[in-house]
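**Student:** sequence first, then the predicted structure:
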Amino acid sequence: MRDFYGTALDNGFMLGTAQYPSPAVLADAFKRSGASVATVSLRRESGQDRAGQDFWQLIQDLGVHILPNTAGCHSVKEAVTTAHMAREVFDTKWIKLEVIGEEDTLQPDVFGLVEAARILSEDGFQVFPYTTEDLVVADKLLQAGCEVLMPWGAPIGSGLGLNNLFGLRAMRAHFPDVPLVIDAGLGLPSQAAQAMELGFDAVLLNTAVAKAGDPAQMAHAFALAIQAGQAAATADPMEPRDMAAPSTPVIGKAFLE
Amino acid sequence: MKLQLNGDAITAQVETLADLLADQGLETAKVATAVNGTFVPATLRAGHILQDGDSVEILAPMQGG
């Protein structure tokens, strides 16, 4: 598996921490997932409930790599400022960079994304950009200093899976040495397996686990699928063909007419 | 002085950003701060003098995808 800014991960499972029914369910889901990375965010803290402090304790106890995001940011300035605040709070150079460009699809504003990635890379951040499968944008992100790319599978929270197989295959083929993560849009373990079979290095998902009826069981299912897909990718899968090819040898077949 | 704290109008008898955090009971909390949209690192809070009408954001770890 390719490493992420010099960090080798135990597996290709990156799991979000949002939308779980309770902190206990979140912790249980992480335990069953075996995920190596947890995504987190920053929000306003009030002096009264101190929800952020409790959450901080919880994620530290997970014992996984922390990947803070800039979710909800719509401008370069907002994303860059959020990244700086996240770096201080979470004490990591990693940042999942989101610059959202459109509300219905939550697709990235790729122009702002490239600009923010350049600013943050120059400032020593290790940027994980949430992008599309566009090869030109991907190339500009690499030029901006990114050493990891995170194309979407489908719109965030949609559960539609890998919407553009051609584009994602092309991306994998075009950047053979770049760690690639499918970020967003996965709804089922089979879709995660498919991503790994295509040669992606990891998948990042949240809603599919958090909104399942049994998040811990679904986390476990995703872990198995990711493991299976990864194993398949390293086993050099056969090429599909249009016509049948007998698998049972024809030579030596009895003549019984 | 009058301030905007996380979007709410407040009145606080404070001079610096560090004072405001203490006033809110957050001086030792795991938070990051910004004033008027600009990040203020923890090490600079004590020296950051607040002005009447400043907009302060205090952010903490939260669930995210």
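**Tutor:** Thanks, I have the structure now.
**Student:** residues in chain B within reach of chain A, list them.
**Tutor:** Residues of chain B lying close to chain A by CB under 8 Å from any CB of the partner chain are B:6-7, B:24-26, B:29-34, B:37-39, B:41-42, B:57-65. Glycine gets a C-beta too; all of them are placed from N, C-alpha and C.
**Student:** now, of those residues, which are buried?
**Tutor:** Among those, those buried by neighbour count (16 or more other CB atoms under 10 Å in any protein chain shown) are B:6, B:24, B:26, B:29-34, B:39, B:57-65.
**Student:** so what's A:Gly109 up against?
**Tutor:** Heads up, residue A:109 is Asp, not Gly. A:74, A:99-102 (CB atoms under 8 Å, 6 or more residues apart in numbering or on different chains).
**Student:** ranges for the helices of the stretch 51-200 of chain A?
**Tutor:** Taking DSSP state H, counting those that start in this stretch as the criterion, the stretch 51-200 of chain A carries its helices at A:51-62, A:76-90, A:110-122, A:135-143, A:165-174, A:189-197.
**Student:** which stretch among those comes nearest chain B?
**Tutor:** Nearest of the helices of the stretch 51-200 of chain A to chain B, taken as CB to the nearest CB: helix A:51-62 at 2.5 Å.
**Student:** if you count neighbours, what's buried in that closest one?
**Tutor:** A:51-53, A:55-56, A:58-59, A:62.
**Student:** highest neighbour count among the contacts of A:Asp109?
**Tutor:** Within the contacts of A:Asp109, most neighbours by other CB atoms under 10 Å in any protein chain shown means A:Val99, with 25 neighbours.
**Student:** all helices of chain B, in order?
**Tutor:** In chain B, the helices defined using DSSP state H lie at B:17-23.
**Student:** return the subset of the residues of chain B next to chain A lying in strands.
**Tutor:** Within the residues of chain B next to chain A, residues falling in strands by DSSP state E are B:32-34, B:38-39, B:57-63.
**Student:** how about the residues of the stretch 1-150 of chain A by chain B?
**Tutor:** Within the stretch 1-150 of chain A, the positions near chain B by CB under 8 Å from any CB are A:16-20, A:26, A:39-47, A:50-53, A:55-56, A:59, A:68-69, A:71, A:77, A:81, A:84-86, A:88-90.
**Student:** up against chain B, what does the stretch 151-257 of chain A have?
**Tutor:** A:156, A:184, A:206-207.
**Student:** counting neighbours, which of the residues you listed comes out on top?
**Tutor:** Greatest neighbour count in those, by other CB under 10 Å, goes to A:Ala184: 28 neighbours.
**Student:** hang on, that one packs against A:Gly161?
**Tutor:** No - if you go by CB atoms under 8 Å, A:Ala184 and A:Gly161 don't touch, sitting 10.8 Å apart.
**Student:** identify the contacts common to these two.
**Tutor:** A:153-154.
**Student:** look up how far A:Ala8 lies from A:Phe222.
**Tutor:** According to CB to CB, to the nearest Å, A:Phe222 and A:Ala8 sit 20 Å apart.
**Student:** okay, those two: which has more neighbours?
**Tutor:** Between A:Phe222 and A:Ala8, counted using other CB under 10 Å, A:Phe222 has the larger neighbour count: 28 against 9.
**Student:** wait, doesn't that one sit right on A:Pro189?
**Tutor:** Yes - with contact defined as CB under 8 Å, A:Phe222 and A:Pro189 form a contacting pair (4.9 Å).
**Student:** counting neighbours, what do you get for A:Ile66?
**Tutor:** By the criterion of other CB under 10 Å, A:Ile66 has 19 neighbours.
**Student:** nearest to chain B, of the contacts of A:Asp109?
**Tutor:** A:Ile100 (12.6 Å).
**Student:** A:Val76 is in contact with that closest one, correct?
**Tutor:** No - assessed by CB under 8 Å, A:Ile100 is found out of contact with A:Val76, at 11.7 Å.
**Student:** how about A:Leu160, what does it touch?
**Tutor:** In this structure, A:Leu160 makes contact with A:153-154, A:185, A:187, judged by CB under 8 Å, 6+ apart.
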